Each structure stands twice: as C-alpha cells, then as structure tokens.
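Engineer: Sequence plus predicted model, see below.
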Amino acid sequence: MAILIIASQDRPDWWARELRTHAPELDIRIWPEVGDVDDVEYVLAWKPPRGALACLPNLAVVFSLGAGVDHLFADPEFPAHVAVVRVIDPYLTAGMREYVVLHTLHYHKNQPALDRQQRDHVWDDRARELRQADEQGVGILGLGELGRSCAEALTRLEFDVAGWSRTPKDLPGVTCFEGRGGLDALLARSRILICLLPLTTETEGILDTELFSKLPNGSYLINAARGGHLVEEDLIPALDDGRLTHVTLDVFRTEPLPADHPFWDHPQITVTPHNAAITDPRSIVIQILADIERHTSGAALSNRVDIGLGY
Ligand code: NAP
Ligand code: GLV
C-alpha cells in the first residue's frame, strides 16, 4: 500500500514530512514520482492535474487538502467510484472566522471611506454617524462548517445575522433561509454579504448582476469561497453604479490573479491571495492517518463528500 501526494501547488514536501513523522513505516510518494501505480490506494490531493487520479487502478480514497473539493471534480477524468474526504479542521474554521470578522468589521466601521479621507487629509464629522451592529444586516451564503462558525461569531458581536443554505437550518440568533425560494429575502436584508458556498453546478456564477440588484443599495461583498462564484465582468459595473460600495475577494477564477487584472488597482476592491483559511498539515495529517486506519479496518471514513451533490 502506498500514499501518493499530488499537491504541486500546496507544500508537497511539508505534507510528506508530516506523514513520515507520524507514520514512518508507510510508503509515501510525491507526484510525479508515482512508482508502480498498482501500489497507490490513497491520495492526498490539491488541484491534481487532469487524469492524474484516473491512472491509479487501486485508488480507494482521495483526501482533499482543502475544505473545498471543486478542484477534484474539475477533472473530467475524475474516477467517480473512489471515496472523497475533505478537510474539516478547527484551525481552518478559525482562520475563516477571523477573516470574515476582520472584513465585516472593516465595512461596519466604514473603514474604506476613512482610509480615503486620511489619504486626502479630510476630517469629516459625518464619519461619526455609524450604524449600531444590530442595525447592520449581514447575510451569509452557506451555513456549513465555515458559515455556521462565522454566523456564531458575528452574532456574538451583535450583528443582525441571516444565513442561506440548501436545506433548512435552525441556528440560535440567526435568521435562516433555504433554497432558491429563500435567497431573495436574505439578499434584501444583507448590507454585508459573505459568500461561503461550495462551488458546484448550482452555485457557479451566483454572484452576478441579478443578485447584486437584490441587495440594499451600497452593499458590501466578501467572497472567501471560490472565484467561480463571481461573474467577474458584473463586478465593476455594480461598483460603478453604487449598487456595491466595496468588495473583498480572496478567491479568483484564475489564481494567482494575473498581474494585469483590473481588480488589483480598483480602489473599491480589496484583494487577498487565497489565504483566508489555510490548511495546517500538522493537524490534518493526523486526521488523514486516522481515516486510513479506519478504512483499512472497514470502518466508515470521516468527513466524506457526497459526490452527487458536489460538496
Ligand atoms: P460545507 O460545510 O460543505 O457547507 C456548505 C454550505 O453551503 C452548506 O450550508 C450547504 O447547504 C450550502 N449550500 C451548498 N449548495 C447550496 C445551494 N445550491 N444553495 C444554497 N446553499 C447551498 O462547506 P464549508 O466547509 O463551510 O466550506 C465552504 C467553502 O469555503 C468550501 O467549499 C471552499 O470552497 C471555501 N473555502 C475557502 C477557503 C479560503 O481560504 N478562501 C478556505 C476554506 C474553504 P446544506 O447545509 O443545506 O447542505
Ligand atoms: C481552501 O480554499 C480550502 O478549500 O480549504
């Protein structure tokens, strides 16, 4: 039995080092040094190249090295019979919670305008006219591991929090909406909208002109989910016509964001380099090894992805 790491874009040597530290007896290989393909039963993967998984005849489980699994299903040759496990990890959840709270507070305190005023040496008394947190409607698209934790943190800060999911939810202090029928009501009350959806055929391109038109005028957007959720060409027109005031983007259709992309220089767009929540090999490898042991002994895997739903 061999474990193969296919993660050229995500610290392959660190993942291998952690695996070897905790399980020195295991046969660990790093793509593209696969050796005998028949040996490989488990793969740790982040953005594997097309066909890389399909050429492993005895592959049983793919461990996504992130919470999202769209990077696996983007491969048209993905072997649909294998089990997929994704990351659910307290450090990852904390990272996202911190990112969302940071940028929500930034907008709540009107910081982008204050930054402009400092640049122009303007002392504007109107800057004292801020809303209270409980007057600030914050909407979260996606109430899964990450969305729920962000909702709880923002509720503790007394924001007026609502969330949207595919199936009904009941979360203390959070107004919950579900399904396509519930989306408009969430949008209408969200002055700060946060996207924490998985990227699936249902959610691809959801952040578009039509959605922006259903938000209160002058809203803020934080997209920390996937670049594919945003219809990029719809964003700058929505900022120009005042529908949106400012947006924070951590994820992009093309990553790294090309140096000549207009988002880099736009004064109403904050760009971060897909670092909202980073997987920490030190804690995740322990979970993966426990899952391999479970799988070997015939027990159920943890955090298994529903391939039919795509998340
Ligand atoms: P999750 O636990 O699977 O939660 C997904 C949520 O989205 C669930 O509440 C689900 O509804 C909802 N949802 C899915 N499809 C929907 C639809 N068609 N309509 C309405 N709601 C829908 O995922 P997670 O762990 O919270 O992670 C969310 C995403 O964050 C990941 O997929 C990844 O893309 C992104 N992410 C980004 C970073 C970063 O650094 N930027 C880091 C980690 C993750 P149900 O609850 O009803 O199933
Ligand atoms: C990061 O984007 C993840 O999916 O964990």
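Structural biologist: Cool, the structure landed. Ligands and ions are numbered 1, 2, ... in the order given.
Engineer: Do a quick rundown of the strands in the stretch 1-150 of the chain.
Structural biologist: 2-6, 27-30, 40-45, 61-64, 83-85, 137-141 (DSSP state E, counting those that start in this stretch).
Engineer: Save these as CSV, and put in mean pLDDT, mean neighbour count and distance to E152 too.
Structural biologist: Bear in mind the C-beta positions are built from the backbone N, C-alpha and C, glycine included. Formatted as CSV, the strands of the stretch 1-150 of the chain follow (pLDDT from 0 to 100; neighbours: other CB atoms under 10 Å; distance: least, CB to CB, whole Å):
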stretch, mean pLDDT, mean neighbour count, distance to E152
strand 2-6, 98, 24, 34
strand 27-30, 98, 16, 37
strand 40-45, 98, 24, 30
strand 61-64, 98, 23, 24
strand 83-85, 98, 20, 25
strand 137-141, 99, 26, 11
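Engineer: right, so of these, which gets closest to ligand 1?
Structural biologist: strand 137-141 (6.8 Å; CB to the nearest ligand atom).
Engineer: what's the spacing between whichever residue of the stretch 101-250 of the chain sits closest to ligand 1 and V231?
Structural biologist: Using CB to the nearest ligand atom, the single residue of the stretch 101-250 of the chain nearest to ligand 1 is G144, 1.6 Å away. Applying CB to CB, to the nearest Å, the value for G144 to V231 is 23 Å.
Engineer: Where does the closest residue to E232 other than its chain neighbours fall, secondary structure wise?
Structural biologist: Once flanking residues are discounted, E232 sits nearest to R253: 6.2 Å by CB to CB, 6 or more residues apart in numbering. Following DSSP states H and E, there is no helix or strand that holds R253.
Engineer: Could I get the contacting residues of R253?
Structural biologist: For R253, the contacting residues are G227, G228, L230, E232, by CB atoms under 8 Å, 6 or more residues apart in numbering.
Engineer: Does the residue minimising distance to the centre of the chain belong to a helix, a strand or coil?
Structural biologist: Most central in the chain under CA atoms, centre = their mean is A225, positioned 3.1 Å from the mean C-alpha point. Using DSSP: H, G, I helix; E, B strand; the rest coil, the structure places A225 in coil.
Engineer: Turn the strands of the stretch 1-150 of the chain into a markdown table, columns for distance to L92.
Structural biologist: Shown next, in a markdown table, are these (distance: least, CB to CB, whole Å):
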| stretch | distance to L92 |
| --- | --- |
| strand 2-6 | 19 |
| strand 27-30 | 23 |
| strand 40-45 | 15 |
| strand 61-64 | 12 |
| strand 83-85 | 14 |
| strand 137-141 | 17 |
